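**Q** Structure for the following, please:
(one chain, ligands or ions: 1)
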Amino acid sequence: MTNQIELSGVNKHYGAFHALKNINLSIAKGTFVALVGPSGCGKSTLLRSLAGLESISEGELKIAGELMNNVPPRKRDVAMVFQSYALYPHMTVEENLTYSLRIRGVAKAEAKKAAEEVAATTGLSHLLKRYPRELSGGQRQRVAMSRAIIRHPKAFLFDEPLSNLDAALRVHMRKEIRALHDRLHATSVYVTHDQIEAMTMADHVVVMREGIIEQQGKPLDLYDKPANKFVAGFIGSPAMNFIPAVAGEDGKSLTIDLGSVKQKIALDHQVQPGRKVTAGIRPEHIGVTAPGQGTFDVPVAVVESTGSSTFVTAATTPELTIVETGRGTARAGETIGAVVDPSQLHLFDDTSGARI
Ligand code: ATP
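**A** Model (predicted):
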């Protein structure tokens, strides 16, 4: 398969600040890629570099096989969709849609026909004569996407497009954007700080931190096998528990240190005897049973239930978070047995944070 976007050895400096560090990324045609990471990790800089709104300091950036390093934004044939919509307030929806075609010399009737076609795809046919102020947030977002679609770009670049919408509409729009991507056989790069959005929408997730790519891969591969402690803590909600631990003399067990609770637990693979590690376990992978029946007992500090799940915080150091499905059985102030399956444990090097 051909790569629609290819970045190799890309670096970006803002003066003395190194914002992108040796970025290598190949995006196959038709793929939906999410760039995700905490604030300041460089995801917007990377997206803006693709659009040509930032110039890269080193490396190669190719779109559809062509080197784009020095190609101005309007000649890259990519379309940006922003959270602020960037619609022209004095133009109707139809005029907003046809504007980019008209300035490129497309005849009025042809542009109108293109607008009607795109509006039919995005469910805007009945709103073509309205002004942006007469639309809801979701409808404005759809106009912004339609305006990108009408140009048949080589790639769609989304910069946190759903940040302005309320929670319910965000969930709805993320399905809508993904469905549109599939229908158009588009290539999409989507920036978000929301790992749930990244996990649910993308084929390929790129996790960034401080200008580097920490890990990239299929969403569930990142969840199942995070390459390091950072990715492990970033992907998954609530976040993975991290517990200081030391490997036993046999290398087949681990003593975890939860302050008042110190417990030897079995491992399903060999590690260097006596090695200091961080043991990671996801809240949804700890079972709850009666005291004395689990892997170890913990006192319960807080229980919060949403009805569909129950979040249990154990009074340990560090605190342990456990998620039970449904209403759960743990009660604040009582002691429970926590069940840990060795195959669900993730081990990380104590100093580098790399997966062991
Ligand atoms: P956010 O989610 O907050 O938007 P981000 O991951 O998109 O964060 P970027 O906007 O790409 O982050 O910024 C990456 C880093 O580069 C930040 O530390 C930012 O302060 C810095 N930066 C961005 N633009 C400039 C600029 N024009 N000059 C200097 N530094 C900049």
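**Q** For the rest of this, base every contact and every neighbour count on C-alpha atoms.
**A** Will do.
**Q** Surely residue 128 and residue 96 touch.
**A** No - taking Cα atoms under 8 Å as the definition, residue 128 is not a contact partner of residue 96, at 9.3 Å.
**Q** Comparing the two, which residue is more hemmed in?
**A** Using other Cα atoms under 10 Å, the more surrounded residue of residue 128 and residue 96 is residue 96, with 23 against 17.
**Q** and the more buried one, that one's in a helix?
**A** Yes - with DSSP: H, G, I helix; E, B strand; the rest coil as the criterion, residue 96 is part of a helix.
**Q** Okay, it and the ligand: tell me how far apart.
**A** For residue 96, the distance to the ligand (Cα to the nearest ligand atom, to the nearest Å) stands at 26 Å.
**Q** again with residue 315
**A** 33 Å.
**Q** check contacts around the residue nearest to that residue when sequence neighbours are not counted.
**A** Excluding its sequence neighbours, the residue lying closest to residue 315 (Cα to Cα, 6 or more residues apart in numbering) is residue 301, at 5.0 Å. Residues near residue 301 by Cα atoms under 8 Å, 6 or more residues apart in numbering: 312-315, 332-333.
**Q** please redo it, this time with the cut-off set to 6 Å
**A** Listed by Cα atoms under 6 Å, 6 or more residues apart in numbering, the contact set of residue 301 reads 313-315, 332-333.
**Q** Closest one to residue 266 out of those residues, please.
**A** residue 314 (21.3 Å; Cα to Cα).
**Q** residues near the closest one, how many?
**A** Residue 314, neighbours per other Cα under 10 Å, totals 26.
**Q** One more: residue 307?
**A** By other Cα under 10 Å, 10 other residues sit near residue 307.
**Q** again with the one 5 residues further on
**A** With neighbours defined by other Cα under 10 Å, the count for residue 312 comes to 24.
**Q** does it have beta-bridge partners, and which?
**A** On the basis of DSSP bridges, residue 312 is bridged to residue 303, residue 322.
**Q** I'd like to know how far it sits from residue 126.
**A** For residue 312, the distance to residue 126 (Cα to Cα, to the nearest Å) stands at 49 Å.
**Q** can you confirm residue 254 is in a strand?
**A** Yes - counting by three-state DSSP, residue 254 is found in a strand.
**Q** That one and residue 226, how far apart?
**A** Distance of residue 254 to residue 226, given as Cα to Cα: 20 Å.
**Q** How about the residues of the stretch 1-150 of the chain by the ligand?
**A** 14, 19, 39-45 (Cα under 6 Å from any ligand atom).
**Q** same thing but at 8 Å, please
**A** 14-15, 17-20, 36-46 (Cα under 8 Å from any ligand atom).
**Q** Could I get the buried residue list for stretch 7-15?
**A** 7, 10-12 (16 or more other Cα atoms under 10 Å).
**Q** now the helices: where do they sit in the protein?
**A** Along the chain, counting by DSSP state H, helices occupy 43-51, 93-103, 108-122, 137-149, 167-184, 195-201, 219-224, 229-234.
**Q** Apply the buried test to the contacts of residue 301 and list what passes.
**A** Neighbour-count burial within the contacts of residue 301 applies to 313-315, 332; the criterion is 16+ other Cα under 10 Å.
**Q** Can you name the residue of the stretch 51-200 of the chain nearest the ligand?
**A** residue 193 (5.9 Å; Cα to the nearest ligand atom).
**Q** Tell me, how many residues neighbour that residue?
**A** 20.
**Q** per-residue confidence for residue 1?
**A** At residue 1, the model reports a pLDDT of 56.
**Q** Residue 322 contacts residue 312, doesn't it?
**A** Yes - if you go by Cα atoms under 6 Å, residue 322 and residue 312 touch, sitting 5.0 Å apart.
**Q** what sits up against stretch 138-157?
**A** 77-80, 85, 97, 187-190.
**Q** could those be laid out in JSON lines, adding pLDDT and neighbour count?
**A** Formatted as JSON lines, the contacts of stretch 138-157 follow (pLDDT from 0 to 100; neighbours: other Cα atoms under 10 Å):
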{"residue": "77", "pLDDT": "92", "neighbour count": "16"}
{"residue": "78", "pLDDT": "94", "neighbour count": "21"}
{"residue": "79", "pLDDT": "91", "neighbour count": "23"}
{"residue": "80", "pLDDT": "89", "neighbour count": "23"}
{"residue": "85", "pLDDT": "69", "neighbour count": "19"}
{"residue": "97", "pLDDT": "95", "neighbour count": "30"}
{"residue": "187", "pLDDT": "96", "neighbour count": "23"}
{"residue": "188", "pLDDT": "97", "neighbour count": "28"}
{"residue": "189", "pLDDT": "98", "neighbour count": "24"}
{"residue": "190", "pLDDT": "97", "neighbour count": "25"}
